[in-house]
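Engineer: structure of the sequence below:
(2 chains)
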Amino acid sequence: DAKTTQPNSMESNEEEPVHLPCNHSTISGTDYIHWYRQLPSQGPEYVIHGLTSNVNNRMASLAIAEDRKSSTLILHRATLRDAAVYYCILRRYNFNKFYFGSGTKLNVKP
Amino acid sequence: KAGVTQTPRYLIKTRGQQVTLSCSPISGHRSVSWYQQTPGQGLQFLFEYFSETQRNKGNFPGRFSGRQFSNSRSEMNVSTLELGDSALYLCASRGTGSYNEQFFGPGTRLTVL
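Structural biologist: So this is what the prediction gives:
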């Protein structure tokens, strides 16, 4: 199963953009890239996902490298409520099997 | 629309006992997945049920089992509990045909003494 590598922690100032990196050098052509986040004392929640092209939604943007061996989750303006553990996950096409890595703990300073 | 609910929220058991956890998915969702979260191992996939059939399975011993009922509610059972089974057990549901977004419940915190 393909694995992801993320920094253990990152820090950001409120109202500033945050770029959360993820390496997935063993990704296969049928693996989707998903991002979930887990706020304190809650279950994970979906943030965004993509396959090859960059994606935007109301929560964030996902930038995927051309060779797909890395991706970056972009929070355009961090708020205190964005403080959470962010997980970059690979999911094989047509399988609902998510392998969570250790994630990046994002701290947002006021 | 109500979210994913899990019962009980907290549970304390002793080694050797067995435990059953329950998960009610979002109305209309037929897929339920279970995860174990521990500080050391992080979030690990246990198994997925869809229309009462197990579709995917993670790398856990046979002491961990599950089932799904016709109303899509799911139960997870752990037999012969070990201290290392202490964890937050999360379930997630998703809509039919959608592999994109899973909706997680708040989890059941199991403590094994």
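Engineer: in the chain, where is pLDDT below threshold?
Structural biologist: This is for chain A. Under the criterion pLDDT under 70, the flagged ranges of chain A are A:1-2.
Engineer: that was the other one, I meant chain B.
Structural biologist: Within chain B, the ranges that satisfy pLDDT under 70 run B:1, B:97-100.
Engineer: and whichever residue of chain A sits closest to chain B, what does it touch?
Structural biologist: Using CB to the nearest CB, the closest approach of chain A to chain B is made by A:Gly43 at 3.0 Å. For every residue, glycine as well, the C-beta is placed using N, CA and C. Counting by CB atoms under 8 Å, 6 or more residues apart in numbering or on different chains, A:Gly43 touches B:Val4, B:Leu90, B:Ala92, B:Phe104, B:Gly105, B:Pro106, B:Gly107.
Engineer: OK, contacts around residue 5?
Structural biologist: Using chain A here. A:Thr5 is in contact with A:Cys22, A:Asn23, A:His24, A:Gly101, counting by CB under 8 Å, 6+ apart.
Engineer: try again with chain B
Structural biologist: Neighbouring residues of B:Thr5 by CB under 8 Å, 6+ apart: B:Cys23, B:Ser24, B:Gly105.
Engineer: likewise for A:Ser41?
Structural biologist: Applying CB under 8 Å, 6+ apart, no residues qualify as near A:Ser41.
Engineer: what about the closest residue to A:Lys105 other than its chain neighbours, how many residues nearby?
Structural biologist: Counting by CB to CB, 6 or more residues apart in numbering or on different chains, the nearest residue to A:Lys105 once its immediate chain neighbours are dropped is A:Ser9, at 4.5 Å. A:Ser9 has 11 neighbouring residues, counting by other CB atoms under 10 Å in any protein chain shown.
Engineer: show me what B:Thr111 is bridged to.
Structural biologist: B:Ile12 (DSSP bridges).
Engineer: gap between the two ends of stretch B:65-84?
Structural biologist: Using CA to CA, to the nearest Å, one end of stretch B:65-84 lies 16 Å from the other.
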